[in-house]
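1. The amino acid sequence is not available; the structure is as follows:
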């Protein structure tokens, strides 16, 4: 019972802290992605502040480009919503009629139900709107990333100091970071292939 109560409190706390927790998690995610670039710049002789500054300029540029693309896409999607809704409703009506001609009568099943195919479009628009809202805290995300990336170079030494062992083996941590970056790279390739496939099909 105590564990269940603690779990409920944790879930409730996460929900209440969502407005701050989500931008922080986005900042951590992006920091993991760009940390190798920061370290690469530092190995080329740049001071940590300069490496972070160059990296953040690139990150902000990419975010602004993505934001502009997303805003343009949302605007076009909202204009096309009525047409999408009408097309879905028409296709669903034709499907019900076709099933009825083949002995499957859906009218009795759907009678009294609030099933509306056009709702799918509204749900999609709502989901995309929530994503845009999550990305709207750009300043908080960027500021958090700056603090995280400034600590990247000295993090191993600080972690060893916290552990009380100057020679502590941190290879497992490095391996975890490498696996995360490998996963993100693979995910990027797969997503790019999916996007190109959709472009070809459309």
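-> That came through, no problem. Remember, it's a predicted structure, so these values are computed and weren't measured experimentally.
2. Could you name the helices and strands sitting against the lengthiest helix in the chain?
-> The residue-count maximum for a helix in the chain (DSSP state H) belongs to helix 48-101. Counting contacts by 3 or more CB pairs under 8 Å, 6 or more residues apart in numbering; DSSP states H and E, helix 48-101 is packed against helix 18-43, helix 107-110, helix 119-135, helix 138-150. Where you see a C-beta, it was placed from the backbone N, CA and C, and this is true even at glycine.
3. By mean pLDDT, which helix or strand of the chain comes out lowest?
-> helix 107-110 (a mean of 55; mean pLDDT, DSSP states H and E).
4. so where is the protein shaky, pLDDT-wise?
-> 18, 104-136, 153-154, 170 (pLDDT under 70).
5. that older thread, any idea how far the longest helix of the chain is from the middle of the chain?
-> Here helix 48-101 is found 14 Å from its chain centre; the criterion is CA atoms, centre = their mean, to the nearest Å.
6. What angle do helix 18-43 and the helix or strand containing residue 7 make with each other?
-> Assigned by DSSP states H and E, residue 7 falls within helix 2-16. Interaxial angle of helix 2-16 relative to helix 18-43 (axes from the mean of the first three to the mean of the last three CA atoms, to 10 degrees): 80 degrees.
7. Can you name the residues in contact with helix 2-16?
-> Helix 2-16 is contacted by residues residue 21 when judged by CB atoms under 8 Å, 6 or more residues apart in numbering.
8. For it, list every residue counted as buried.
-> The neighbour-count check on helix 2-16 (16 or more other CB atoms under 10 Å) flags nothing as buried.
9. Good, wrapping up.
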